[in-house]
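Undergrad: For reference, the sequence and a predicted model appear below.
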Amino acid sequence: DTGVSQNPRHKITKRGQNVTFRCDPISEHNRLYWYRQTLGQGPEFLTYFQNEAQLEKSRLLSDRFSAERPKGSFSTLEIQRTEQGDSAMYLCASSLTGSVGNTEAFFGQGTRLTVV
Amino acid sequence: SQELEQSPQSLIVQEGKNLTINCTSSKTLYGLYWYKQKYGEGLIFLMMLQKGGEEKSHEKITAKLDEKKQQSSLHITASQPSHAGIYLCGADALYNQGGKLIFGQGTELSVKP
């Protein structure tokens, strides 16, 4: 396993269009996180899954955003009716949490979204 | 809610010089993580600190967590161009979970050859 993989790396879309991003976590990791990062800022937490269950959603995640993790493997983040303010880097991370201990989060390379 | 403040926001140093980046939390930290980010890329994990007074080193980078667990520092000795990038501190928002993190705004480091 080579780490957390995100696709696409870059996405340019017109305002109002829908976009979907994919994240493949490290295979044995049971937790998956989505973050958003704008220029000059640290990443901001959006949501996370433990296996297939979405356990928490940030207030940053408006109704236009939806995330899924079917079967507890890969995850998708969809943004509907994109707005220019959605332009950002979307980062995915995964970690292992369990009785034997917890690992730090490993991040993917991110998907840079530009809404024009 | 917890906030992390990093200082300085940016730093330019001559190759070979030492430098320190600070991260201050508004609340006691469960765990403090340091990541490095190249522009436009993902985050690379550097170190995690959990205990008051803890210090860890990896190659020329040393991170410390103060006794009160509200402040951490990252020190680079004899900086090299390969150290350039954005350094981010992150704090566990959930006790001992390591994934849901609150991040500082980052410190951009440039190393002049």
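TA: Yep, that arrived. Numbering: from 1, shown residues only, chains lettered A, B, ... in the order given.
Undergrad: Which pLDDT value goes with residue 34?
TA: Just so you know, I chose chain A. Looking at residue A:34, its pLDDT is 97.
Undergrad: let's do chain B instead
TA: The per-residue pLDDT reported for residue B:34 equals 96.
Undergrad: does it count as helix, strand or coil?
TA: Following DSSP: H, G, I helix; E, B strand; the rest coil, the label given to residue B:34 is strand.
Undergrad: nearest spatial neighbour of it, skipping sequence neighbours?
TA: residue B:46 (4.3 Å; Cβ to Cβ, 6 or more residues apart in numbering or on different chains). (Each C-beta comes from the backbone N, C-alpha and C, glycine too.)
Undergrad: what's the spacing between the one you found and residue B:89?
TA: In this view, residue B:46 and residue B:89 are 10 Å apart by Cβ to Cβ, to the nearest Å.
Undergrad: Now do the shared contacts for the two.
TA: Here residue B:46 and residue B:89 have B:33-35, B:74 as joint contacts, going by Cβ atoms under 8 Å, 6 or more residues apart in numbering or on different chains.
Undergrad: residues touching the residue of chain A found nearest chain B, list them.
TA: Residue of chain A nearest chain B, by Cβ to the nearest Cβ: residue A:42 (3.1 Å). The contact partners of residue A:42, taken as Cβ under 8 Å, 6+ apart, are B:4, B:88, B:90, B:103-106.
Undergrad: Does it fall in a helix, a strand, or a coil region?
TA: Here residue A:42 is coil, with the state taken from three-state DSSP.
Undergrad: Likewise for residue A:71?
TA: Taking three-state DSSP, the label given to residue A:71 is helix.
Undergrad: How about the contacts made by it?
TA: Residue A:71 touches residue A:52, counting by Cβ under 8 Å, 6+ apart.
Undergrad: before we move on, what about residue A:33?
TA: Counting by Cβ under 8 Å, 6+ apart, residue A:33 has contacts A:45-49, A:92-95, A:105, B:99-100.
Undergrad: what's the answer for residue A:109, then?
TA: Residues near residue A:109 by Cβ under 8 Å, 6+ apart: A:5-6, A:9, B:41-42.
Undergrad: Greatest separation within those residues: which pair is it?
TA: Maximum pairwise distance in the contacts of residue A:109, criterion Cβ to Cβ, is 13.3 Å, between A:5 and B:41.
Undergrad: List the contacts of the host helix or strand of residue A:89.
TA: Assigned by DSSP states H and E, residue A:89 belongs to strand A:88-95. The contact list for strand A:88-95 (Cβ under 8 Å, 6+ apart) reads A:4, A:6, A:21, A:23, A:25-26, A:29, A:31-38, A:43, A:75, A:77, A:102-108, A:110-113, B:40, B:42-43, B:97-99.
Undergrad: C-alpha coordinates for it, PDB please?
TA: Presented in PDB, the C-alpha positions along strand A:88-95 are these (Å, rounded to 0.1, in the frame of the first residue of the first chain):
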ATOM      1  CA  ALA A  88      -9.900  25.200  -2.100                       C
ATOM      2  CA  MET A  89      -7.700  22.200  -1.600                       C
ATOM      3  CA  TYR A  90      -9.700  19.200  -0.300                       C
ATOM      4  CA  LEU A  91      -7.500  16.800   1.800                       C
ATOM      5  CA  CYS A  92      -8.300  13.300   2.800                       C
ATOM      6  CA  ALA A  93      -6.600  11.500   5.700                       C
ATOM      7  CA  SER A  94      -6.900   8.100   7.300                       C
ATOM      8  CA  SER A  95      -5.900   6.600  10.600                       C
END
